[in-house]
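K.L.:
sequence first, then the predicted structure:
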Amino acid sequence: MIFRFVFIFLLFSVSVFSQENYIKHTISKGENLTIIAKKYGVKTKDISDANPDAPKILKLNSVLLIPNKNHSTVIKPSESITEINPDSHEVLAKETLWGISKKYKISVEDLKKANPLLETEGLKIGQQIVIPSNGSSVLQKPVENMQTLLVEVIREVMPKETKYAIAKEFEISVAELEKQNPEIKTTLPIGYKLKILTSKEKAVAYQNINSQVTSPEKSLDNPIVKSETSVVVVDSGIVKFSNHSELIDQLVFNATDNIGIRYRTGGTSKAGFDCSGLMYTCFGNFDIKLPRTSLEQSRIGIKVNTEEAKKGDLIFFKTNGRHQINHVGMVVEVTDEEIKFVHASTHGGVMISSTKEGYYERTFSQVNRVLQ
């Protein structure tokens, strides 16, 4: 009888100890270990250790045991401050790595290093991606307080402008721009007056810029006005950026960061690239949509003489003996009578080569400029 009483007492003690030391947390939409750990002031490793059988991908409405660091006071998730966590980001429709990297003031490369699956699977709507610790933190304010911080700007759409360029001008996403202006979801009419909620500082800066423009017709040529007139390359078009030197440096860095990756026919990821796949992916990281093949890529932009070649230009070759372009690279350096370019070679993977090399000197075809 005494043994039975001791056993029941021990069982009760273990149960109480367990309840005191752990909190049950039901997983809600958009949460990951980092977010949950921050809510309870614990480390992700502590949660993982407490839930050894939990799957790597958390399931909605499943329950996790959270180590209770404070037995007397338990902060319930529903009572905590709603935060756009600086350690994670939920991917919205039409968002890109370039746009997300700008939002958190980090590089595309840092995002990829923190999220290895982006290399093979790319971005998916609703996906939670990790933001490296140097990303900027944004705290959500109640709606009534937000209204006092934001002002509405009327922005007229100019010829050849895109949603991306306008959204970037006001540091918002294309999805947010469309949310504020539902009429532009399918088109962007010239002359349409957009209503954009932005900070007072942005509004004042926008008004100051436009006060120096005498007429809408002159605004596209005014050097003060940012006129990123196109983002998607189509037919014989050319993408124009007001501050393209930074973009080109980022493009070159993005391409050369892949040096050493093997050649793979049809490849567009760190698992392997073909020549046009490397260009397609690198430009795509910056919202610039190139055609998929080297021949199609040779038909966009404008041809320039070799002595006019610059960093960021595309360089083409005919290496199949059929007098048709079948190879492409990106110019990374131009010196006297020599162009160095990064490309995915069938025999060496992603590498830097030179037009001084006999093979590429013989097969060189043309240089195209797609950025201006």
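P.N.:
Structure's in. What do you need?

K.L.:
where does pLDDT dip in this protein?
P.N.:
1-20, 29-30, 56, 69-86, 94, 134-150, 200-201, 203-244 (pLDDT under 70).

K.L.:
tell me how this protein divides into domains.
P.N.:
Following automatic domain parsing, one finds the domains of the chain at 20-79, 83-138, 143-219, 244-369.

K.L.:
could you redo those domains as CSV and give each row mean neighbour count?
P.N.:
Backbone N, C-alpha and C define where each C-beta goes, glycine included. Formatted as CSV, those follow (neighbours: other C-beta atoms under 10 Å):
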stretch, mean neighbour count
domain 20-79, 14
domain 83-138, 16
domain 143-219, 14
domain 244-369, 18
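
K.L.:
next up, the contacts around the residue minimising distance to the centre of the chain.
P.N.:
Closest to where the C-alpha atoms of the chain average out (C-alpha atoms, centre = their mean) is Leu97, at 1.0 Å. Contacts for Leu97 were tallied using C-beta atoms under 8 Å, 6 or more residues apart in numbering; they are 108, 111-112, 118, 123, 285.

K.L.:
so how far is Val151 from Ile166?
P.N.:
Here the criterion is C-beta to C-beta, to the nearest Å. By it, Ile166 lies 17 Å from Val151.

K.L.:
what's the answer for Asn254, then?
P.N.:
Here Asn254 is placed at a distance of 36 Å from Val151 (C-beta to C-beta).

K.L.:
what segments of the stretch 151-300 of the chain are helices?
P.N.:
Along the stretch 151-300 of the chain, counting by DSSP state H, counting those that start in this stretch, helices occupy 163-169, 174-180, 200-210, 216-219, 244-256, 275-284, 294-297.

K.L.:
want to throw the ones you listed into JSON lines with distance to Lys310?
P.N.:
Shown next, in JSON lines, are these (distance: least, C-beta to C-beta, whole Å):
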{"stretch": "helix 163-169", "distance to Lys310": "22"}
{"stretch": "helix 174-180", "distance to Lys310": "29"}
{"stretch": "helix 200-210", "distance to Lys310": "28"}
{"stretch": "helix 216-219", "distance to Lys310": "27"}
{"stretch": "helix 244-256", "distance to Lys310": "8"}
{"stretch": "helix 275-284", "distance to Lys310": "16"}
{"stretch": "helix 294-297", "distance to Lys310": "17"}
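
K.L.:
so which of the ones you listed comes closest to Ile339?
P.N.:
Taking C-beta to C-beta, helix 244-256 is the member of those nearest to Ile339, at 13.1 Å.

K.L.:
other residues contacting the closest one?
P.N.:
Contact with helix 244-256 is made by 107-109, 241, 278-279, 282-283, 285-286, 310-312, 330, 332, 342, 350, 352, 371-372, as judged by C-beta under 8 Å, 6+ apart.

K.L.:
stretch 318-326 too?
P.N.:
Under C-beta under 8 Å, 6+ apart, the answer for stretch 318-326 is 294-295, 298, 316-317, 327, 359, 363, 365-366.

K.L.:
could you redo the last one with a cut-off of 10 Å?
P.N.:
Stretch 318-326 is contacted from outside by 275-276, 293-299, 316-317, 327, 345-346, 359-360, 362-366, using C-beta atoms under 10 Å, 6 or more residues apart in numbering.

K.L.:
confirm Arg362 sits in a helix?
P.N.:
Yes: checked against DSSP: H, G, I helix; E, B strand; the rest coil, Arg362 lies within a helix.

K.L.:
how near is it to Ile154?
P.N.:
From Arg362 to Ile154 the distance is 58 Å (C-beta to C-beta).

K.L.:
re earlier: from the contacts of Leu97, which land in helices?
P.N.:
108, 111-112, 118 (DSSP state H).

K.L.:
which residues sit in contact with the closest residue to Ser276 other than its chain neighbours?
P.N.:
Of all residues not flanking Ser276 in the chain, Ser294 sits nearest, at 4.3 Å (C-beta to C-beta, 6 or more residues apart in numbering). Contacts were defined as C-beta under 10 Å, 6+ apart; by that measure Ser294 touches 274-277, 279-280, 314, 316-319, 324-329, 343, 365.

K.L.:
for Tyr263, see how far away Ser294 is.
P.N.:
14 Å.

K.L.:
now Asp287
P.N.:
Computed as C-beta to C-beta, the Asp287 to Tyr263 distance reads 26 Å.

K.L.:
Gln128 now?
P.N.:
According to C-beta to C-beta, Gln128 and Tyr263 sit 33 Å apart.

K.L.:
likewise for Ser298?
P.N.:
Distance from Ser298 to Tyr263, by C-beta to C-beta: 20 Å.

K.L.:
check Ile352 too.
P.N.:
Taking C-beta to C-beta as the measure, Ile352 falls 14 Å from Tyr263.

K.L.:
next: Lys59.
P.N.:
From Lys59 to Tyr263 the distance is 39 Å (C-beta to C-beta).

K.L.:
Ser199 too?
P.N.:
From Ser199 to Tyr263 the distance is 47 Å (C-beta to C-beta).

K.L.:
now Val342
P.N.:
Val342 sits 13 Å away from Tyr263, taking C-beta to C-beta as the criterion.

K.L.:
quickly list what's touching both of those two.
P.N.:
With C-beta under 10 Å, 6+ apart, Val342 and Tyr263 have common neighbours 278, 350-351.

K.L.:
how about Leu97, phi and psi?
P.N.:
Phi and psi for Leu97, reported as degrees, to the nearest 10, are phi -60, psi -40.

K.L.:
leaving out chain neighbours, which residue sits closest to Leu33?
P.N.:
Per C-beta to C-beta, 6+ apart, closest to Leu33 is Thr44, 4.4 Å.

K.L.:
you'd agree Gly342 is up against Leu314?
P.N.:
Just to correct that, residue 342 is Val rather than Gly. No: the criterion here is C-beta atoms under 10 Å, and Val342 misses it with Leu314 at 11.1 Å.

K.L.:
sweet, I'm off.
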